[in-house]
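Enquirer: This is a predicted model, with the sequence first.
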Amino acid sequence: MRIGVFGAGAVGGHVGGCLALAGAEVVLVGRAPKMAALRRDGLRVSDLDGRDGRTRACLATDDPRALAGCDLVLVTVKSAATEAAGRALAPVLAPHAVVVSLQNGLGNAARLSAALPGITVLAGMVPFNVITGPGGRHHRATAGRIAVDARAAAFAPVFARAGLPLDLRRDMEAVLWGKLLLNLNNAVNALSGLPLRAELAQRDYRRALALAQTEALALLRREGRVRPARLTPLPSTLVPRVLALPDPVFRRLAGAMLRIDPSARSSMADDLEAGRPPEIDWINGEVVALARRLGRRAPVNARLCALIREGRRPIAAAALLADLRAAARAG
Ligand SMILES: NC(=O)C1=CN([C@@H]2O[C@H](COP(=O)(O)OP(=O)(O)OC[C@H]3O[C@@H](n4cnc5c(N)ncnc54)[C@H](OP(=O)(O)O)[C@@H]3O)[C@@H](O)[C@H]2O)C=CC1
Ligand SMILES: CC(C)(CO)C(=O)C(=O)O
């Protein structure tokens, strides 16, 4: 089986590397400098459960034509690059190819599908964080199973052999909303200037996240169409309440949630650090868009969008919470 990755960055490099280590034929397509570094150094794939492997087995190139003949193509570009990915893939994919979006946000699979008529495009969801570093390092820094539309079942065995067992789902919209609720922390994390574990250890950052989640949950309830899937030990409706608990109680209840490599940051923090456009419009912006469709407002998420666009950071926990509460009061 030939598996392609379009946009071989953090997620694409990790998943592609795991698959290659398990013997799959993997083609990575990404930017020329990174692909040259991977050809030079190889790909190192590690995780917080002790995996540490190196491979030179992937073909790493900036030429999308290398994806011709792939049975499966994983799209792992940021949401702003989805249309460009579709345009690059359209002329090269084999008619039998299945494309899986492993991106955050809600609409990436649909946007790819619009650019790839006749090709099966499915939604996926990566729950874990990936840290990249020198020497081709792609380190899984948190835990969780990749969720994919059940129509991708034929690929489950190769992922299982790669140590990435798939959670095959028939409710991907609910899964993507469940993930989006968690991703509302991406902006809070980026604004904090801290790694995820240090940020989540501070009650006021967690309360800021809880405000954003509560707002999104109220809108979803009002719309009454999608019930976000449960992706943590707690149902998503209870998560904001647990986030707002005092630190010692939170630590006791949410131990698993804090099993995070101490240096891991959200992908949005990585983007701001690297001067790349953040995915804010595809995450908090989706809550604002939902509010607009319902004739309502989403002042907390709108404010998070504005703060990210302003680029003012770091913002201390108490100051961020006060800012978001003021936005919520102003409505
Ligand atoms: N990082 C993480 O821990 C997690 C990320 N996600 C989600 O997964 C998706 C991918 O994120 P992540 O892996 O962090 O992204 P990265 O930015 O690390 O990787 C994407 C790569 O694709 C490259 N790229 C973009 N457009 C093209 C193109 N047209 N041709 C070739 N290469 C291209 C980018 O280069 P350039 O930057 O130069 O454009 C970048 O190197 C996002 O939706 C993210 O939210 C989900 C879970 C965890
Ligand atoms: C894994 C998680 C939730 C946090 O790192 C993420 O999706 C991201 O960074 O975009």
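Expert: Noted; the coordinates are in hand. Ligands and ions are numbered 1, 2, ... in the order given.
Enquirer: so how far is ligand 2 from Met35?
Expert: 22 Å (Cβ to the nearest ligand atom, to the nearest Å). Yep, even glycine has a C-beta here, placed from its N, CA and C like the rest.
Enquirer: can you give me how far the helix or strand that residue falls within is from the chain middle?
Expert: If you go by DSSP states H and E, Met35 is part of helix 32-41. Centroid separation for helix 32-41 versus its chain: 23 Å, with Cα atoms, centre = their mean, to the nearest Å.
Enquirer: The helix or strand just after it relative to helix 32-41, how many degrees between them?
Expert: Per DSSP H and E, the first helix or strand lying C-terminal to helix 32-41 is strand 43-47. Between strand 43-47 and helix 32-41, the angle comes out at 90 degrees (axes from the mean of the first three to the mean of the last three Cα atoms, to 10 degrees).
Enquirer: What's the mean pLDDT across strand 43-47?
Expert: Averaged over strand 43-47, pLDDT sits at 98.
Enquirer: before we move on, what about stretch 141-149?
Expert: The average pLDDT within stretch 141-149 is 97.
Enquirer: Show me which residues of the helix holding Met35 are buried.
Expert: 34-35, 37-39 (16 or more other Cβ atoms under 10 Å).
Enquirer: farthest pair in those?
Expert: Spatial extent of the buried residues of helix 32-41 (Cβ to Cβ) is set by the pair Lys34 and Arg39 at 9.9 Å.
Enquirer: picking that back up, which strands or helices does the helix holding Met35 pack on?
Expert: Contacts defined by 3 or more Cβ pairs under 8 Å, 6 or more residues apart in numbering; DSSP states H and E place helix 32-41 against strand 25-29, strand 59-61.
Enquirer: least trustworthy helix or strand in this protein by mean pLDDT?
Expert: helix 247-253 (a mean of 93; mean pLDDT, DSSP states H and E).
Enquirer: For the stretch 1-150 of the chain, which segments are assigned as helices?
Expert: 10-21, 32-41, 82-89, 108-115 (DSSP state H, counting those that start in this stretch).
Enquirer: Stretch 23-30: which residues count as buried?
Expert: Buried-residue list, stretch 23-30, by 16+ other Cβ under 10 Å: 24-30.
Enquirer: overlap between the residues you listed and the residues near ligand 2?
Expert: With Cβ under 6 Å from any ligand atom as the criterion, the buried residues of stretch 23-30 include none near ligand 2.
Enquirer: got the contact list for stretch 214-226?
Expert: Under the criterion Cβ atoms under 8 Å, 6 or more residues apart in numbering, residues 173-174, 177, 180-181, 184, 227-228, 236-237, 240, 287, 290-291, 293-294, 296, 298-301, 328 lie in contact with stretch 214-226.
Enquirer: Now that stretch: average pLDDT?
Expert: The model assigns stretch 214-226 a mean pLDDT of 98.
Enquirer: Stretch 153-166 now?
Expert: The pLDDT scores in stretch 153-166 average 98.
Enquirer: quick thing: my sequence starts at 364, can you match it?
Expert: Okay, using 364 as the starting number, the last item reads as stretch 516-529.
Enquirer: first vs last residue of that stretch, how far apart are they?
Expert: 9 Å (Cα to Cα, to the nearest Å).
Enquirer: Tell me the gap between that stretch and the middle of its chain.
Expert: 19 Å.
Enquirer: buried set for that stretch?
Expert: Within stretch 516-529, the residues that count as buried by 16+ other Cβ under 10 Å are 518-519, 521-522, 525-527, 529.
Enquirer: So which of those are in strands?
Expert: Assignment to strands by DSSP state E places none of the buried residues of stretch 516-529 there.
Enquirer: Show me the subset of these that also lies near ligand 1.
Expert: Applying Cβ under 6 Å from any ligand atom, the subset of these adjacent to ligand 1 is empty.
Enquirer: Closest one of the residues you listed to Ala453?
Expert: The nearest member of the buried residues of stretch 516-529 to Ala453, counting by Cβ to Cβ, is Phe518 at 21.4 Å.
Enquirer: Let me see the contact set for the closest one.
Expert: 364, 366, 434-435, 461, 463, 511, 529.
Enquirer: Pipe these into TSV and attach distance to Arg628 per row.
Expert: Putting the contacts of Phe518 into TSV (distance: Cβ to Cβ, whole Å) gives the following:
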residue	distance to Arg628
Met364	33
Ile366	28
Asp434	34
Leu435	29
Val461	32
Val463	25
Val511	25
Leu529	26
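Enquirer: Thanks again, I'm all set now.
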